[in-house]
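S.K.: fold the following, please.
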Amino acid sequence: MTQILAIAGSPSHPSRTYGILEYATQLLQQQGIQTDIVSVRDLPAEDLVFGRYDSPALEQPKALLEKADGVIIATPIYKAAYTGLLKAFLDLLPQKSLLGKVVLPIATGGTLGHLLVIDYALKPVLSELGARHLLGGVYAVDKQIQRQPDGSVQLDEEIEQRLKHSVNDFVLALNRSPAVAKELVQAS
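M.R.: Got it, this is the predicted structure:
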C-alpha cells in the first residue's frame, strides 16, 4: 500500500499551514492512500536545537519517512524563509533520506512576494536530502485560508483548485515511482 508522510513545519497549532496540509492528506485518504502526519512542533525542542541525531523522539518520524513512498512538506514563510523549526528537523534526518521519494512542498505566507521561497530556499535543502522528484509545490497567501471554529480550514476556490491539481499530480507521480510500481507488481 502506498504510504505518505506529511511533515508540518509550523511552530503554532492550529495554523493555516497545518490546515492546508491536513486538507491535502484528506484528499489522499479519499483515494485510499495511507497518510501519517508528523508535526515538528511536537518534537522535543532541546533535541532539535542541540542537534541530537540519536534522540529517541526522532525514531518514529524517521521510521515513517523510511517507509514512505511520498512526502508532503508544509511550512509557513517567515521573513522570506521557511521556518527554523523545519530546518532543525531536516538537519537531523539521515543523509539522502528523501532519495526515491516523490516530494510535494506546500508553503503559506502573508504576501505573494515570498512565492519563490519554495524554489530558492526549500527545494535546495530537499535536494540535498536526496529528493530527485520534487513537484512544483503550492504556495498560498494567508487570506486564501480561513480557519473555521471547528479547527478545519476553508480554502478560497482558487487555492483549493490548485491544491487539488497538485495532489492529483502527486498521486500520478507516485504511481510512476519505481518503488510504488514494484509494490503494485508484487501485489498482482
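S.K.: below-threshold pLDDT in the chain: ranges please.
M.R.: Along the chain, the model assigns pLDDT under 70 to residues 178-188.
S.K.: repeat the analysis, applying 90 as the threshold.
M.R.: In the predicted model, the chain carries pLDDT under 90 at residues 1, 13-14, 111-116, 147-152, 176-188.
S.K.: what's the residue closest to the geometric middle of it?
M.R.: Ranked by distance to the mean C-alpha position of the chain (Cα atoms, centre = their mean), the top residue is residue 73 at 1.7 Å.
S.K.: helix/strand/coil for that residue?
M.R.: Reducing the assignment to helix, strand or coil with DSSP: H, G, I helix; E, B strand; the rest coil, the entry for residue 73 is strand.
S.K.: beta partners of the closest residue to it other than its chain neighbours?
M.R.: Leaving aside its sequence neighbours, residue 73 sits nearest to residue 7 (Cβ to Cβ, 6 or more residues apart in numbering; 4.8 Å). Yep, even glycine has a C-beta here, placed from its N, CA and C like the rest. Here residue 7 shows beta-bridge partners residue 38, residue 73, assigned using DSSP bridges.
S.K.: wait, residue 7 sits on residue 41?
M.R.: No - Residue 7 lies out of contact with residue 41 (Cβ atoms under 8 Å); the separation is 11.0 Å.
S.K.: neighbour count winner among these two?
M.R.: Relative neighbour count places residue 7 above the other of residue 7 and residue 41, with 26 against 19, counting by other Cβ atoms under 10 Å.
S.K.: in the protein, which spans are strands?
M.R.: Assigned by DSSP state E, the chain shows strands spanning 3-8, 34-39, 70-78, 81-82, 102-109, 133-134, 138-141, 145-147, 153-155.
S.K.: now the ones you listed in CSV, with distance to residue 92?
M.R.: Compiled in CSV, the strands of the chain are given as follows (distance: least, Cβ to Cβ, whole Å):
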stretch, distance to residue 92
strand 3-8, 12
strand 34-39, 12
strand 70-78, 14
strand 81-82, 15
strand 102-109, 17
strand 133-134, 20
strand 138-141, 25
strand 145-147, 28
strand 153-155, 29
